[in-house]
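# When you get a sec, could you give me coordinates for this:
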Amino acid sequence: MTAQLVIKEAWLCVFFISFLAVGCTSSKFSSIAASTSPTDVPEEVTTPTNHAPNHASSSELYGRIEQISQAAQGQVGVAATVLETGESITLNATQRFPMQSVYKFPIGMAVLAQVDQGRLQLEQRVRVEKSDFVSERQHSPIRDENPQGVELSLAELLRYMVSESDGTACDVLLRLVGGPTVVTEYLRDLGVNGIVVADTEKEIGQDQAVQYRNWATPEAMVVLLRALQEGQGLSDSSQALLLRLMTETPTGLRRIKGLLPAGTVVAHKTGSSRTVNGVTAATNDAGLVTLPNGQHLAIAVFVSDSRADYAVREEVIARVARAAWDEWGQ
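Next up, the predicted model:
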């Protein structure tokens with residue numbers, strides 16, 4: 001009888017201790033639940049599976065860009081990559097597209113590389129003769145402002161070429177750097193294989209077909225944009241100068257920048273050809289977009305052999321850039 005009482009009391013003791021433990025644990029869980037609101041939980045945990053995600057999937061983004069491109073009534077090539085994360089989207093990104101004035105971007109890099117090497121100096125004076133002028137059909141503020149010729153510094157020529165897209169400045173700098181082949185070799189040294197600089201602006205202006213020899217794939221252009229952003233092949237000062245010139249350009253305000261939020265920093269270079277028999281060979285823009293989180297979107301949009309009008313071609317570029325922004329810039 002005594003033994004049974006001891007066992008019963010021991011069992012009651014264990015039960016009581018267990019009850020207290022369960023109560024304390026339950027109280028602890030209740031306390032945690034009370035102190036953790038739904039907004040403290042990562043969004044991917046609390047978002048119901050039937051709730052539309054904030055960002056489109058890559059396949060949805062591709063479909064959107066492909067649909068946008070149809071308005072061009074021509075060939076559209078797109079490459080876009082968030083440099084810090086590697087997230088990307090492409091459309092016809094390995095096809096060759098005529099660059100037109102986008103090729104002034106790699107030419108600018110090659111010129112500044114020679115400045116870094118001491119072969120050229122930003123302050124050196126260069127005489128621009130009337131014989132250097134591109135044709136009246138081609139864009140050249142230098143020619144328009146100085147019909148008898150002018151002496152400019154190398155730095156001024158760079159600004160005219162990159163920011164103003166001046167064809168005369170481009171040809172003078174090409175001559176100083178050693179010609180188109182030297183620029184292409186510089187690109188190969190950087191590991192960029194899908195860009196070819198083959199002709200001067202004058203040569204491109206003389207024959208509509210020549211522009212197709214100066215080509216780039218959207219994919220390769222994004223590789224070159226990455227090289228610029230990461231400072232490959234250029235000193236810090238040369239990188240900063242080129243980025244500034246590409247940011248300050250007044251050209252292409254309705255292209256990559258066209259539908260982005262006001263104040264978005266975009267360092268870019270445009271390219272455009274004439275329209276012949278209703279077909280426009282090139283309407284392009286390529287650049288670096290600074291996203292709200294400080295990351296960088298390298299994007300190239302090339303529109304080739306298009307029958308759409310000028311406003312539509314520019315809108316295609318703007319809408320593609322906006323689609324990428326909506327995917328990665330929110």
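# Where does the prediction get shaky in the stretch 201-330 of the chain?
Across the stretch 201-330 of the chain, nothing is flagged by pLDDT under 70.
# Strands of that one, start to end?
For the stretch 201-330 of the chain, the strands defined by DSSP state E, counting those that start in this stretch cover 215-216, 266-272, 275-276, 279-280, 283-290, 296-304.
# Direction included, what does the fifth one pair against?
The reference is to strand 283-290. strand 266-272 (antiparallel), strand 296-304 (antiparallel) (DSSP bridges).
# Mean neighbour count, the ones you listed: which tops it?
strand 296-304 (a mean of 28; mean count of other CB atoms under 10 Å). No exception for glycine: its C-beta is placed from N, CA and C like everyone else's.
# Could you check how far that strand is from the centre of its chain?
Centroid separation for strand 296-304 versus its chain: 6 Å, with CA atoms, centre = their mean, to the nearest Å.
# do stretch 165-185 as well
Counting by CA atoms, centre = their mean, stretch 165-185 is centred 23 Å from the centre of its parent chain.
# got it, and stretch 188-203?
On CA atoms, centre = their mean, the centre of stretch 188-203 falls 19 Å from the chain's centre.
# Using TSV, please lay out the strands paired with strand 283-290 together with distance to residue 144.
Formatted as TSV, the strands paired with strand 283-290 follow (distance: least, CB to CB, whole Å):
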stretch	distance to residue 144
strand 266-272	17
strand 296-304	27
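# before we move on, the earlier item: as a markdown table, the strands of the stretch 201-330 of the chain with distance to residue 226 would be great.
Output for those, formatted as a markdown table (distance: least, CB to CB, whole Å):
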| stretch | distance to residue 226 |
| --- | --- |
| strand 215-216 | 14 |
| strand 266-272 | 13 |
| strand 275-276 | 32 |
| strand 279-280 | 28 |
| strand 283-290 | 9 |
| strand 296-304 | 6 |
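# how about the ones you listed, which one is nearest residue 237?
strand 266-272 (15.7 Å; CB to CB).
# ok so, going back, please identify which of the strands of the stretch 201-330 of the chain is closest to residue 147.
Of all these, strand 266-272 sits nearest to residue 147, with 23.8 Å by CB to CB.
# so which of the strands paired with strand 283-290 gets nearest residue 157?
strand 266-272 (15.6 Å).
# Sheet partners, orientation included, of the helix or strand in which residue 81 is found?
Element membership of residue 81, judged by DSSP states H and E, is strand 75-82. Its sheet considered, strand 75-82 pairs with strand 88-91 (antiparallel), strand 296-304 (antiparallel) by DSSP bridges.
# Out of those, which gets nearest to residue 150?
Distance to residue 150, taken as CB to CB, is lowest for strand 296-304 among those, at 33.1 Å.
# helix, strand or coil for the residue lying closest to residue 127 once chain neighbours are set aside?
With sequence-adjacent residues excluded and distances taken as CB to CB, 6 or more residues apart in numbering, residue 127 is closest to residue 151, at 5.1 Å. Recorded secondary structure, residue 151: strand (DSSP: H, G, I helix; E, B strand; the rest coil).
# Identify the residues contacting the closest residue in space to residue 314 that isn't next to it in sequence.
Of all residues not flanking residue 314 in the chain, residue 254 sits nearest, at 4.5 Å (CB to CB, 6+ apart). Shown in contact with residue 254 (CB atoms under 8 Å, 6 or more residues apart in numbering): 311, 314, 315, 318.
# List only those of the residues you listed flagged as buried.
314, 315, 318 (16 or more other CB atoms under 10 Å).
# ok, the first one - contacts?
What it means is residue 314. In this structure, residue 314 makes contact with 252, 254, 255, 258, 283, judged by CB under 8 Å, 6+ apart.
# hang on, the first one packs against residue 270?
This means residue 252. Yes. Using CB atoms under 8 Å, residue 252 is in contact with residue 270, at 3.7 Å.
# where do the helices sit along this protein?
2-35, 43-46, 58-69, 104-117, 141-145, 154-162, 167-177, 180-189, 201-206, 218-229, 236-248, 310-328 (DSSP state H).
# would JSON lines of the ones you listed with distance to residue 195 be doable?
JSON lines is the format used below for the helices of the chain (distance: least, CB to CB, whole Å):
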{"stretch": "helix 2-35", "distance to residue 195": "57"}
{"stretch": "helix 43-46", "distance to residue 195": "39"}
{"stretch": "helix 58-69", "distance to residue 195": "22"}
{"stretch": "helix 104-117", "distance to residue 195": "6"}
{"stretch": "helix 141-145", "distance to residue 195": "25"}
{"stretch": "helix 154-162", "distance to residue 195": "16"}
{"stretch": "helix 167-177", "distance to residue 195": "15"}
{"stretch": "helix 180-189", "distance to residue 195": "5"}
{"stretch": "helix 201-206", "distance to residue 195": "15"}
{"stretch": "helix 218-229", "distance to residue 195": "5"}
{"stretch": "helix 236-248", "distance to residue 195": "16"}
{"stretch": "helix 310-328", "distance to residue 195": "19"}
